[in-house]
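[1] any chance you could fold what I've pasted below:
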Amino acid sequence: MIYLHSEFLLFEDNGAATAAFAYLGKFFVSASWQILFIWGTELYPTNYRCMLTCLNGIVGRIGTILAPIMLDLVSGHPDTQ
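    Down below sits the predicted model:
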């Protein structure tokens, strides 16, 4: 098991390590998204696969648009009060 101290990534002179961990995290997030997209389409019946896959994409985009707005509303951002 790899254990990293959070202070390790906060040093300004450690930009290469921070960039490496950022790219590694982006890789795993992208890979998991692609795996879920391929696996999720196999759950639908063949007759409805295209339509439901597009519906998943639409709902995902709507969630992406609404997430920052909902975060501001829930956290009590000064602009929303």
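[2] contacting residues for the most centrally placed residue in the chain?
    Of all residues in the chain, the one closest to the mean position by Cα atoms, centre = their mean is V29, 6.4 Å from it. Contact analysis of V29 by Cβ atoms under 8 Å, 6 or more residues apart in numbering lists nothing. Any C-beta I mention is one placed from the backbone N, CA and C, and that applies to glycine too.
[3] quick check: phi and psi at it.
    Backbone dihedrals for V29, given as degrees, to the nearest 10, come out at phi -70, psi -40.
[4] kindly state the pLDDT recorded for it?
    Per-residue pLDDT puts V29 at 87.
[5] and the helix or strand encompassing A19, how far from the chain's centre?
    Per DSSP states H and E: A19 is located in helix 15-41. Taking Cα atoms, centre = their mean, to the nearest Å, one finds the center of helix 15-41 at 9 Å from the center of the full chain.
[6] by mean pLDDT, which helix or strand of this structure comes out lowest?
    In the chain, the helix or strand scored least confidently by mean pLDDT, DSSP states H and E is helix 15-41, which has a mean of 84.
[7] in that one, what counts as buried?
    By 16 or more other Cβ atoms under 10 Å, helix 15-41 has no buried positions at all.
[8] what's the angle from the helix or strand that G57 is a member of to helix 15-41?
    If you go by DSSP H and E, G57 is part of helix 49-75. Computed by axes from the mean of the first three to the mean of the last three Cα atoms, to 10 degrees, the angle separating helix 49-75 from helix 15-41 equals 130 degrees.
[9] show me the domain layout of this structure.
    The chain breaks down by automatic domain parsing into domains covering 1-33, 44-81.
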